[in-house]
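Novice: need coordinates for the below:
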Amino acid sequence: MVGPIGDSAEEIKGLQRCIADLVSVLTLPAIWTGGEPHQIVSTLLDVLLGMLHLDFVYGRLNDPTGETPIEMVRVSHSRKLTANPQEIGNLLRNWLGNDPQKWPAVARNPMGDSEISIVPLPLGLQGDVGLIVAGSERTEFPRQTERLLLTVAANQAAIGLQEARLRTEQQRLASELDQRVARRTIELAAVNEGLRREVAERRRAEEALREREESFRLIVDGIARLVAMMTAKGEVELVNRQVLDYFGLTIEDLKDWSIGGVVHSGDLPSVVSAWTHSIETGSPYDIDHRLRRADGVYRWFHARGLPLLDSDEKIVRWYVLLTDIDDRRRAEEAQKRSEAFLTEGQHLSRTGSFSWRVATDDIVWSEQMYRIFEFGQDVPVTFERICTRVHPEDVPSLNALNDRVRVEGGDFEFEHRLLMPDRSVKYLHMVAHGTQDPEGRLEYIGAVQDVTQRRASEEELGKARLELTRVARITTLGTMTASIAHEVNQPLSGIITNAGTCLRMLSADPPDVDGARETARRTIRDGNRASDVINRLRALFSKKDAAAESVDLNEATKEVIALSVSELQRNRVIPVLELAEDLPLVTGDRVQLQQVIINLLRNASDAMSAVNDRPRQLVIRTERDEGDHVRLTMQDEGVGLDPQAMDKLFEAFYTTKNDGMGIGLSVSRSIIESHSGRLWATTNNGPGATFSFSIPRRSGRSTSADRDRETRTRAATDAL
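Specialist: Residues are numbered from 1 along each chain as shown. Predicted coordinates for the structure are as follows:
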């Protein structure tokens, strides 16, 4: 039979209070995070005294080094207790004994003028952390809900105290390490100072040597050419030292240069002919030919000879200057080859070059430019003629570019299409650099590449990448079936329960219309929750092209956590969200970005599956990044990364899991790079690893804080 409605209502209120108190207890770790052990115990005593309306609550915190424990007590305002915490602790130890295994669940003992019920609770498995004792004059104390709250509070406090102890020990070790580093730094500074002085002395010695070498080099550079003085008949009379060093001969050996193999045999006839002509006519001697060096190597020289005349205009002697032009000749030949290679390279790469003098509109094209536009090389190139080939849809933008660069100057880059006579379309990519000609007028030097084939390949590659991304997404979501079923089952169970309650309220005499209405609202709320889960699931499974939209990374992350909560609970992973309140929006595909978050979340969860000696905590953080970017970071406490495998992490089909496909991180990096961002991994200072990605923010002023306020307002309205 159904009991009175009043009793049910009272019981529901009691359960609601219990749930509210339980939630308050569960939030205590957030209050004392980072606090000292005595602060944790003090906070716990204050909360329990007020929450459970106790007459007193006592706490003892053991010192891990064996020193005197810290004892605290809180007493309600209705009781006057003059005993100090130590006296109360002694009294409780006499009652309870020292063995937590033998403590009674509830004891009724006198305190002052009245009997009081006490509940002892050990902190830690064997009370090694400390003790909590709650007392109340109420005979029914503790009720089942009160015992539950006390047990949960003691467990939360024990965990917090253990973490505080670990933190204190870490701080001690860090301080000791800092001291060691400081001492080592002083030692290294002394060594570094000695090395610095030694380097300075060596540098001064090198500078002195360099100055001597520079002086010698200046003298050598002053005699850079070969100089010879010859008789009127063309015999060698005198040469400088540079000539002797070059040929490796004496001046006697050089007198009959025409038969000594000094001049290359292939050039000798033309040299003799030119020299004979100059001697006979007195005209200057000017010719290029090859001379053999002392090591047998022939080099090109420019020979310039001028006659010295006497007062009768007769030739007295000749002065000949020989200038080594071998490097220049080779450079000219190399340039000719380079031009030939450039022409062939432009043809193979479908890239043409051009120059454009803005003031006169003179345009010069390379041979490949004519091939790209399919113009005859005998036709003058003008801007109007170029526009006849440009796709009609791109002509306005090309005209706008032309008008802008004429005024502003500077470099520019432009992509457009050509519509050829056979109606085929070519895609061109143009890059140009603005410079000035010798007269200071604006001139552009640029290149144009036919990227039609590349565009087609990129489109095919993009389609393949999207398909691979969808396969990876479905593979990932296949492992989340239990989590998604749990998320849908919760609101469905609520709907069934609320519907049954609503029927009972309507069947009552008289019907509880207000209660039924409120229950119907809760039914609608749960139905909407189930619908939201299904919609998120449908979006992640859908096969559609990437769509650019404004995305709030905070909201996208929360949705992924909602879909993954059951899997995280099953793996005992504790998600810690540190989401920036003023996080800017980003522009991208929401589903693809959520897939990246899911991949990183599952990898972090898997990395902590074998961790049993520490909490499996996963910190998920969003924040602003450099260069107007937004960063999302996942920091786990797992097994970490192998430094030797860091370069392979994002390669396709590379995995460290026995059942992994090795495409999750590869697809994730492709997605992030398609959003003009980057994805990387680092090892933590302690256990675990950190994966992060950074993508550009959307231009605009809207932040996640604005949308959080709208969400909270909408949630409050729905709750009413």
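Novice: quick check: buried residues in the strand or helix carrying residue 286?
Specialist: Using DSSP states H and E, residue 286 falls within strand 285-292. By 16 or more other C-beta atoms under 10 Å, the buried positions in strand 285-292 come out as 285, 287, 289, 290, 291, 292. Placement of C-beta: from N, CA and C, glycine included.
Novice: just give the closest residue to the last one, not the sequence neighbours.
Specialist: Across the structure, with C-beta to C-beta, 6 or more residues apart in numbering as the measure, the residue nearest residue 292 apart from its sequence neighbours is residue 298 (5.3 Å).
Novice: ok, how many other residues are close to the one you found?
Specialist: Residues lying near residue 298 (other C-beta atoms under 10 Å) number 16.
Novice: surely it is in contact with residue 265?
Specialist: No. Taking C-beta atoms under 8 Å as the definition, residue 298 is not a contact partner of residue 265, at 9.8 Å.
Novice: for the closest residue in space to residue 549 that isn't next to it in sequence, the count of nearby residues, please.
Specialist: Of all residues not flanking residue 549 in the chain, residue 590 sits nearest, at 6.1 Å (C-beta to C-beta, 6+ apart). Residue 590: 21 surrounding residues under other C-beta under 10 Å.
Novice: one more: the one 10 residues further on?
Specialist: As a burial measure, residue 600 scores 25 neighbours (other C-beta under 10 Å).
Novice: roughly how far does it sit from residue 584?
Specialist: From residue 600 over to residue 584 the distance is 21 Å, taken as C-beta to C-beta, to the nearest Å.
Novice: one step back: quick one, phi psi at the residue nearest to residue 549?
Specialist: Backbone torsions of residue 590, given as degrees, to the nearest 10, read phi -60, psi -40.
Novice: returning to that earlier point: determine the set of other helices and strands touching the strand holding residue 286.
Specialist: Applying 3 or more C-beta pairs under 8 Å, 6 or more residues apart in numbering; DSSP states H and E, one finds that strand 285-292 contacts helix 241-247, helix 268-281, strand 298-309, strand 315-324.
Novice: burial of the closest residue to residue 36 other than its chain neighbours, as a residue count?
Specialist: Sequence neighbours aside, residue 164 is the residue nearest to residue 36 in space, at 6.5 Å (criterion: C-beta to C-beta, 6+ apart). Look at residue 164: counted by other C-beta under 10 Å, it has 20 neighbours.
Novice: go on, the one 3 residues further on?
Specialist: Here the count is done by other C-beta under 10 Å, and residue 167 has 15 residues near it.
Novice: my read is it is in a helix, agree?
Specialist: Yes. Judged by DSSP: H, G, I helix; E, B strand; the rest coil, residue 167 forms part of a helix.
Novice: I'd like to know how far the residue nearest to residue 36 sits from residue 405.
Specialist: From residue 164 to residue 405 the distance is 67 Å (C-beta to C-beta).
Novice: quick one: contacts for residue 328?
Specialist: residue 300 (C-beta atoms under 8 Å, 6 or more residues apart in numbering).
Novice: make residue 1 into 297 and carry on from there
Specialist: New numbering, starting at 297: the last item is residue 624.
Novice: next structured bit after the strand or helix carrying it?
Specialist: For residue 624, the host element (DSSP H and E) is helix 622-645. Later in the chain than helix 622-645, the nearest helix or strand by DSSP H and E is strand 647-653.
Novice: got the contact list for that next one?
Specialist: Residues contacting strand 647-653 (C-beta under 8 Å, 6+ apart): 641-642, 658-668, 728, 733, 737-746.
Novice: kindly recompute the last result at 10 Å.
Specialist: 638-639, 641-642, 658-669, 677, 679, 682, 698, 701, 724-726, 728, 730-731, 733, 735, 737-747 (C-beta atoms under 10 Å, 6 or more residues apart in numbering).
Novice: might you list the low-confidence residue ranges for the stretch 597-746 of the chain?
Specialist: Scanning the stretch 597-746 of the chain for pLDDT under 70 picks out the ranges 631-646.
Novice: in a helix, residue 907, correct?
Specialist: No. Going by three-state DSSP, the assignment for residue 907 is coil, not a helix.
Novice: I'd say it and residue 870 touch.
Specialist: No. In this structure, residue 907 is not within contact of residue 870 by C-beta atoms under 10 Å, at 11.4 Å.
Novice: comparing those two, which residue is more hemmed in?
Specialist: Each of residue 907 and residue 870 has its neighbours counted (other C-beta under 10 Å); residue 907 has more, 18 against 13.
Novice: sorry, back to before: now do the strand holding residue 582 against strand 611-620, angle only.
Specialist: 50 degrees (axes from the mean of the first three to the mean of the last three C-alpha atoms, to 10 degrees).
Novice: between helix 564-577 and strand 581-588, find me the angle.
Specialist: Going by the same axes, to 10 degrees, strand 581-588 makes 150 degrees with helix 564-577.
Novice: quickly list the domain ranges of the protein.
Specialist: 311-462, 489-516, 522-620, 628-746, 771-1015 (automatic domain parsing).
Novice: picking up where we left off before, and the strand or helix carrying the residue nearest to residue 332, what does it pack against?
Specialist: Secondary structure assignment for residue 460, by DSSP H and E: helix 440-517. For helix 440-517, the elements it packs on are helix 301-322, helix 324-328, helix 333-347, strand 352-357, strand 410-419, strand 426-432, judged by 3 or more C-beta pairs under 10 Å, 6 or more residues apart in numbering; DSSP states H and E.
Novice: want to try TSV for those, with distance to residue 607 and mean pLDDT as columns?
Specialist: What follows is those, written out as TSV (distance: least, C-beta to C-beta, whole Å; pLDDT from 0 to 100):
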stretch	distance to residue 607	mean pLDDT
helix 301-322	120	71
helix 324-328	113	72
helix 333-347	116	81
strand 352-357	122	83
strand 410-419	124	78
strand 426-432	124	83
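Novice: and stretch 975-988, how far out from the chain middle?
Specialist: 12 Å (C-alpha atoms, centre = their mean, to the nearest Å).
Novice: show me which positions of it end up buried.
Specialist: Buried, per 16+ other C-beta under 10 Å, within stretch 975-988: 975, 977, 983, 984, 985, 986, 987, 988.
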